[in-house]
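Participant: Based on what follows, work out the 3D shape:
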Amino acid sequence: MLDARGDGEEAQRALEDLCQAYWFPLFAWCRRYGLTVADAEDAVQGFFVKVMEKRLFDAADASRGKLRTFLLTALQRHVRDERAKALAERRGGGNVVSFDATEAESWYSDASIEGESAERMFDRQWALTVLDNAILQLERQAVARGKVSEFKVMRPFLTEEGQAEDYRKAGELTHQSAGAFKVAVHRLRAKFRIALREQVAETQPEDANVDEEITYLMQVLTGS
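Facilitator: A predicted model of the protein is given here:
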């Protein structure tokens, strides 16, 4: 969050990356709140235009709030302020993030849980986005080491515990014994935990309890 503050090129890139990474939880909240697909797309794009133009992160106190809470609160205020206006005509500035509303709606339909509140859905999609970002970080590291093929075989084991036969078959694909493959997965999981902490830490205020946020996000995902 701190990287996205200021007027320099690095801050601008960090802000654009942040918007691109976390647009779907915001879109999902808009749909669950009751906006149509087109209005949800306009709301998210309009919100990010406001984030860019008014430098909302510059006014945020990084020591007091989580990025997750800050973004949702700011979006809710934006939607409620703009809902009565012709948002699509007034937002200006073009699209800030690139996404296909039709594809986004398909994702939303697949991800919807009957009776789930807009806020709960936002938190769940936020948690999934954080996990995806951590996995993407590991994939980029694998690409840099020329190990992307092995990573793709191991990736399913990051979030699910396989059976002995699963390890044997996966080991064959990477030319390893089941035992060696399991050790490799164990090491990758350790890297995944580090990557996850880094992703969560980036969305937290200074001196925040990162483990507490991780625990909450995992609880959201498991429905506990």
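Participant: what's the most centrally placed residue in the chain in contact with, if anything?
Facilitator: The C-alpha lying nearest the average C-alpha coordinate of the chain belongs to T129 (C-alpha atoms, centre = their mean; 2.5 Å). For T129, the contact set (C-beta atoms under 8 Å, 6 or more residues apart in numbering) comprises A21, Y22, F24, P25. In short, each C-beta sits where N, CA and C put it, glycine included.
Participant: Which ones among those lie within helices?
Facilitator: Of the contacts of T129, the ones assigned to helices by DSSP state H are A21, F24, P25.
Participant: Give me the nearest residue to the last one, chain neighbours excluded.
Facilitator: Right, the one you point to is P25. Spatial nearest neighbour of P25, chain neighbours left out: Q125 (3.9 Å); criterion: C-beta to C-beta, 6 or more residues apart in numbering.
Participant: what about that neighbour, how many residues close to it?
Facilitator: Counted with other C-beta atoms under 10 Å, the neighbours of Q125 add up to 22.
Participant: A111 versus that one, what's the distance?
Facilitator: From Q125 across to A111, the span is 7 Å (C-beta to C-beta, to the nearest Å).
Participant: Quick check: neighbours shared by the two?
Facilitator: Common neighbours of Q125 and A111 are listed as A28 (criterion: C-beta under 8 Å, 6+ apart).
Participant: helix or strand right after the worst-scoring helix or strand of the chain on mean pLDDT?
Facilitator: Of all helical and strand segments in the chain, the minimum by mean pLDDT, DSSP states H and E falls on helix 87-90, at a mean of 48. Counting by DSSP states H and E, the element after helix 87-90 in chain order, helix or strand, is helix 101-111.
Participant: Beyond that next one, next helix or strand please.
Facilitator: Next along from helix 101-111, by DSSP H and E: helix 118-145.
Participant: circling back to that earlier point, can you check what pLDDT the model gives the residue nearest to P25?
Facilitator: Predicted confidence (pLDDT) for Q125: 92.
Participant: what does R64 give?
Facilitator: 50.
Participant: correct me, but Q199 touches V130?
Facilitator: Yes: under the criterion of C-beta atoms under 8 Å, Q199 makes contact with V130 at 5.1 Å.
Participant: Which segments of the protein make up each domain?
Facilitator: Domain ranges of the chain: 1-112, 119-224, per automatic domain parsing.
Participant: Where among the ones you listed is average confidence lowest?
Facilitator: Lowest mean pLDDT within the domains of the chain: domain 1-112, at a mean of 75.
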